[in-house]
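Asks: Take a look and give me a structure for this.
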Amino acid sequence: MNFIKSIFIFTLLIAICFLGSNSVVAQTTTDVQLASFYYQNEEYDKALLYYKKLFSDYPNEKTYYDFYLMTLIKTEQYDLAIKVAKKQVKRFPNQLNLMVDLGMVYLVNKNDNKANQEFEKAISKLKPNSRSTIDLATAFVNIGKLDYAELTYLTGRKTMRGEYGFEFELAEIYAQKGKFELVFQEYFRVVELNERLISAVKSKLLRVFASDSNNSTKELLRVELLKRVQKKPQSRAFNDILIWYFIQEKKFGSALVHSKAYDKRANEDGRNIYNLAQLCVVNKDFTTAIKCYEYLIDRGSKSRYVNQAKTGIVKVMDIQLTTSHNFSREDLIIVEQEYLKVLEDLKGTPSVFELLRGLAHLQAFYLDKKDEAMVILKDLMSRPNLNAMVKDRCKLELGDILVLQGKVWDASLNFMQVEKKYKHDILGHEARFRIAKIAFYTGDFEWAQSQLDVLKASTSKLIANDALNLSMFIKDNIGFDSLHAPLQMYSRSELLILQHKFDEALACMDSIEDVYQNHLILDNVFYQKHLIYLKRGLYNKAIDQLETLIYYFPWSLLVDDALFAQASIFEHQLKENDKAQAIYKKIIAEHRGSLHAIEARRRFRKLRGDEIN
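Replies: Modelled structure (predicted):
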């Protein structure tokens, strides 16, 4: 009986303790909520009552101490604040940031001398510990004392004796102070000590550039990097960052000059120049891309990228010509001969596969040699040593030629075979998009939409964007009338353009203009007509179509495209630079979110006479 009684009493005591503990926790939570509420509402006298109690109950809790000290300052109880801060410094002598709190109280009490004494005393007590150095400097930053934060890190660098130099931290301080020359010096120190941190430094520099409104900081970096490269021409780090800088600024010509110089000095294999060539192609700087490839070819056996360069140079010649909208059949034949010359030179190497595909595309889509192109592709596909994926890419190319010939169902069969084989691969997504396009061309918009809905989730950003754009285009125009006639006529005209049947395409689009004068699809009609006139070299007619689009459809998503296309024609085909410059300026001012805004700014500056490359 006594044993049972003892158990009961013990259980009761535990229950009382538990309930008491819960009560304390609940009360503390309420106090914290009330303290925070009053502080946020600037009722500091009321907040002080709660923070005083919280700090008294939990003297080791830094948050309660911080708010208690701040409420004392807010209520101008400076003597008590000094007393509390001093007591905290005494209790935790190794936490030097607490001395900054004491100095801060002296500051707000207009006692600068004592404040500075506390700040300097804190720095003098620094030990070789990176964490305590960073904590102290952060405390100075939090009260706006950047000079003391800088001194803290410099003192910490001495105490650490090379173990850690606080370069990134100092660079942040210098950036806040606007001392960008010192920012760069710290980042240069980082890569000198450890080249593996080049990528980290580049990321930091991008953040610096983001706040550079007038490009003065970028120019300073360029100057400082050139000094370093001249002083240490063998330094991989400085050459790397200088070349990266020019690439960020899209000054590919300058990037090539320094890449070539370093490639020769360091006796490298040309990999960086090959990568630069590919970047130039992506950014449509074909002239510099060709120079990159020519350099690699001239290096001969000293570069392992000679074959890739020979392949690259002819492909760039192809892209440069066919995207210029200003070429003759004779120009195309010259490129065709270059393909044949390089194919002969690289006979028996894997490089010929891509070249043969490129030659077939040129012949089919530009030289009207569809049968010859199909022979090349079929011969390529029959080769036993051909990679399966390359073979299926040829099958897609073959399907594209069948579409050119009007054999859309035969083309669909090719595309479906590839899509089935690579259902979850980008190649399969490319095939599915072609299937959707055929459905669009033939007016089966529901089937096209079903394919496009799947492709919106493609891992290929390009395919996903193309799918989304076509899907939106169909949705925007399919519901305008129950017959879908304008959309069917438009989709047919796009197929005719693809097949280079320009007269029929123009007639089809003229019919849309005449019959459906208020239809939403007309902005696209004008844009497509401008492309036809551009391909035919009728530049003024192309300009007229774009002008009509801009005037009658100011809300259209194609307006910025139309403006950029206009400016490009004035600049490159009509050589009317003043008009081009005015339009580029308009894009910069009125279409800041446009994908063309950055390039428009670059071209505007070039036409204005600024130094670009």
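Asks: Let me know the secondary structure of Pro554.
Replies: Per DSSP: H, G, I helix; E, B strand; the rest coil, the secondary structure class of Pro554 is coil.
Asks: Number of residues surrounding it?
Replies: 9 (other CB atoms under 10 Å). For the C-beta atoms, the positions are set from N, CA and C on the backbone; glycine is no exception.
Asks: what does Lys315 give?
Replies: 22.
Asks: what do you get for Ala200?
Replies: Close neighbours of Ala200, defined as other CB under 10 Å, add up to 14.
Asks: What average pLDDT does the helix or strand harbouring it get?
Replies: Applying DSSP states H and E as the criterion places Ala200 in helix 198-210. Averaging pLDDT along helix 198-210 gives 92.
Asks: Next: stretch 579-592.
Replies: Computed over stretch 579-592, the average pLDDT equals 94.
Asks: how far out from the middle of the chain is that stretch?
Replies: How far stretch 579-592 lies from its chain's middle: 23 Å, per CA atoms, centre = their mean, to the nearest Å.
Asks: ditto for stretch 422-442
Replies: On CA atoms, centre = their mean, the centre of stretch 422-442 falls 27 Å from the chain's centre.
Asks: just stretch 84-99 next, same as before
Replies: For stretch 84-99, the distance to the chain centre is 46 Å (CA atoms, centre = their mean).
Asks: Go through that stretch and flag the buried ones.
Replies: Neighbour-count burial for stretch 84-99 flags Val84, Ala85, Lys86, Gln88, Val89, Gln95, Leu96, Asn97, Leu98, Met99 (criterion: 16 or more other CB atoms under 10 Å).
Asks: quick one: which of these is nearest Gln405?
Replies: Asn97 (77.2 Å; CB to CB).
Asks: Quick check: the closest one vs Leu404, distance?
Replies: When CB to CB, to the nearest Å is the yardstick, Asn97 and Leu404 sit 73 Å from each other.
Asks: ditto for Ala597
Replies: For Ala597, the distance to Leu404 - CB to CB - is 35 Å.
Asks: thinking again about what came up before, need the CA coordinates for the helix or strand just after the helix holding Ala200. CSV is fine.
Replies: Using DSSP H and E, the helix or strand that follows helix 198-210 in sequence is helix 216-231. Extracted as CSV, the C-alpha positions of helix 216-231 are listed here (Å, rounded to 0.1, in the frame of the first residue of the first chain):
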residue,chain,number,x,y,z
SER,A,216,32.8,53.0,-65.1
THR,A,217,33.5,50.0,-62.8
LYS,A,218,33.7,47.7,-65.8
GLU,A,219,36.2,50.0,-67.5
LEU,A,220,38.3,50.1,-64.3
LEU,A,221,38.3,46.3,-64.2
ARG,A,222,39.5,46.2,-67.8
VAL,A,223,42.3,48.6,-67.1
GLU,A,224,43.4,46.8,-63.9
LEU,A,225,43.3,43.4,-65.7
LEU,A,226,45.4,44.6,-68.6
LYS,A,227,48.0,45.9,-66.1
ARG,A,228,48.1,42.5,-64.4
VAL,A,229,48.4,40.6,-67.6
GLN,A,230,51.2,42.9,-68.8
LYS,A,231,53.0,42.4,-65.5
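Asks: quick one, helix 216-231 and helix 198-210 angle?
Replies: Computed by axes from the mean of the first three to the mean of the last three CA atoms, to 10 degrees, the angle separating helix 216-231 from helix 198-210 equals 140 degrees.
Asks: what is the rounded mean pLDDT of helix 216-231?
Replies: 92.
Asks: which strands and helices sit next to that helix?
Replies: helix 180-193, helix 198-210, helix 236-248 (3 or more CB pairs under 8 Å, 6 or more residues apart in numbering; DSSP states H and E).
Asks: Would you mark the buried spots in the longest one?
Replies: Put plainly, it is helix 180-193. Of the residues in helix 180-193, Phe180, Leu182, Val183, Phe184, Gln185, Glu186, Tyr187, Phe188, Arg189, Val190, Val191 count as buried by neighbour count, 16+ other CB under 10 Å.
Asks: so which of the residues you listed comes closest to Val105?
Replies: Leu182 (31.0 Å).
Asks: List the buried residues in the helix or strand harbouring Phe526.
Replies: Assigned by DSSP H and E, Phe526 belongs to helix 522-535. For helix 522-535, burial by neighbour count (16+ other CB under 10 Å) applies to 522-534.
Asks: same check, this time on stretch 462-473
Replies: In stretch 462-473, counting by 16+ other CB under 10 Å, buried: Ile463, Ala464, Asp466, Ala467, Leu470, Ser471, Phe473.
Asks: So which of those belong to helices?
Replies: Counting by DSSP state H, the buried residues of stretch 462-473 place Ile463, Ala464, Asp466, Ala467, Leu470, Ser471, Phe473 in helices.
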